[in-house]
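>>> any chance you can model this:
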Amino acid sequence: MADSQFPPLPVTRTNPLDPPPEYKQFRLEQPITKVKTPRGDPAWLVTRLEDIRAVLTDKRFSSDPRKPGYPTYITGDVPPPPGFFMQHDAPDHTRIRRTVTNEFKAKHVEGLRPRMQQIVDQCIDAMLKLPPPVDLVKVLAVPVASMVICELLGVSLDDYPFVQSRTDTVLDRSRPPAETTAAAIELMGFFDQVVTAKEAAPTPNDLLGRLVLEAARQGQPNHQELVGLAALLLLGGYDTMAQVIGLGTVTLLKNPDQLAEFIRDPSLGENLVDELVRYLSVNHAGLPRAALADVEVGGQLIREGEGVILMLNSGNRDELVFKNPDAFDIHRQTTQHVGFGHGLHKCIGADFARAELQVVFSTLFRRIPSLSLAAPIEELPFRHEMVLYGLKALPVSWAQESAKS
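Residues are numbered from 1 along each chain as shown. Here you go, the predicted structure:
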């Protein structure tokens, strides 16, 4: 089959909370199939969970977009900056990731919960002062996600509108390459200024300040690696969280019986978050990889120099792994999903994300038990064009007399 005949990405959703139905057809009939990225690159689309996990643990597949065959699905040609370890292979990936591992261990994250709680309560206080309906994305999802990660890193919240606008441009698959490239360069310039300021006056009470102090003692990471690391942590901690908060709210409101169970029994919070991450899989563009050697995956030979796209939202709905996978079920207990990735590149902030999302959803529905959608789900503006799926706006309402302090 000629490259022009391969099915093109992205594939359109028919149900806003489900992956495109074509992925199920691929899983059942041709789980590893050739596709064409938005830029026209041919790549192997991997749709079953077992195969996705196999690739993510195989060092013969590279995360480096400079490798031959890497399927570039976002427009623009800016190479990964030093320190942006998500797009590096060992040994640089291992060395740089290790510098922040302790910051995201479960024990350390638990110590951050009280401040997360204060931020969520503060945002809900502000929300309740507004007459409903309000846009939950604007008044809760984005403010909470941005305030939590900015405070953790030691970045001024005043700079966040700039960061958000440039991030949205970089992650918008519909923008022309020149526009996304310019936005990426501006972003890195901003983070260079942030790190430079920390180096001039270290701040030991925030993550970036501690990294700068440690780098001065150890001689690494160097300045440019710190810049890339700062960008990765802030971008990873903001946009993903904001989208899960918005989509998670819709999912819970569409499943009132399970929401009522969660409100009665907050200990279900851990299950709830992992099921939301599996069910929603906000990375709906997939994870790109390049084969560094001839590798057989799921019976399919992938040759050196060929690109692979791991479709996480398809793997998380795999019928061979999950019973009734298209249903949202807070009693589902599984650690097999790949919503946080898998293997060496598994999300370093998974425990941090779990803690933040548990605080958000337990507080939101405890304080506003009458929360409801103010528009039909079919009319909500979803982010189909973005690398990370989510909502552009989420109008909600509530019975004002029922809100709690």
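>>> what ranges of this protein fall below the confidence cut-off?
The chain contains residues with pLDDT under 70 at 1-4, 73-78, 401-402, 405.
>>> just the strands in it please.
Here the chain has its strands, by DSSP state E, at 32-36, 42-46, 61-62, 134-135, 287-291, 295-297, 300-302, 307-310, 372-373, 395-397.
>>> which ones are touching the spatially most central residue of the chain?
Nearest to the mean C-alpha position of the chain, by Cα atoms, centre = their mean, lies residue 240 at 3.4 Å. By Cβ atoms under 8 Å, 6 or more residues apart in numbering, the contact set of residue 240 is 282-283, 353, 388. Just so you know, the C-beta spots here come from the backbone N, C-alpha and C atoms, and that holds for glycine as well.
>>> roughly how far does it sit from residue 277?
Noted for residue 240: a distance of 10 Å to residue 277, by Cβ to Cβ, to the nearest Å.
>>> same thing with residue 100?
Applying Cβ to Cβ, the value for residue 100 to residue 277 is 21 Å.
>>> so which of those two has more stuff around it?
Legend: neighbour count by other Cβ atoms under 10 Å for residue 100 and residue 277, higher for residue 277 (23 against 20).
>>> just to check, that one is in contact with residue 340?
Yes. Counting by Cβ atoms under 8 Å, residue 277 does reach residue 340; the two are 6.5 Å apart.
>>> just to revisit the earlier point, any shared contact partners between residue 240 and residue 277?
Common contact partners of residue 240 and residue 277 (Cβ under 8 Å, 6+ apart): residue 353.
>>> who touches both of residue 277 and residue 340?
With Cβ under 8 Å, 6+ apart as the test, residue 277 and residue 340 both reach residue 353.
>>> so where do the helices sit in the stretch 101-250 of the chain?
Assigned by DSSP state H, counting those that start in this stretch, the helices in the stretch 101-250 of the chain fall at 106-110, 113-128, 136, 142-153, 160-170, 177-200, 207-218, 223-253.
>>> mind giving me the packing neighbours of the shortest one?
With contacts defined as 3 or more Cβ pairs under 8 Å, 6 or more residues apart in numbering; DSSP states H and E, the secondary structure elements packing on helix 136 are helix 223-253.
>>> buried residues in the helix it packs on, which are they?
Within helix 223-253, the residues that count as buried by 16 or more other Cβ atoms under 10 Å are 225-253.
>>> now do stretch 191-203
Buried, per 16+ other Cβ under 10 Å, within stretch 191-203: 191-192, 194-195, 197-199, 202.
>>> re earlier: who wins for neighbours among the contacts of residue 240?
residue 282 (25 neighbours).
>>> could you pull up phi and psi at it?
Main-chain dihedrals, residue 282, degrees, to the nearest 10: phi -60, psi -20.
>>> look up the closest residue to it, ignoring the ones flanking it.
Using Cβ to Cβ, 6 or more residues apart in numbering and skipping the chain neighbours, the partner closest in space to residue 282 is residue 243 (4.6 Å).
>>> tell me, how many neighbours does the residue nearest to residue 395 when sequence neighbours are not counted end up with?
Excluding the flanking residues, the one nearest residue 395 by Cβ to Cβ, 6+ apart is residue 374, at 3.9 Å. Residues near residue 374, counting by other Cβ under 10 Å, number 16.
>>> got it, and the one 3 residues further on?
For residue 377, the number of neighbouring residues by other Cβ under 10 Å comes to 14.
>>> what's the answer for residue 153, then?
Residue 153: 20 neighbours (other Cβ under 10 Å).
>>> and residue 216, by the same measure?
By other Cβ under 10 Å, 10 other residues sit near residue 216.
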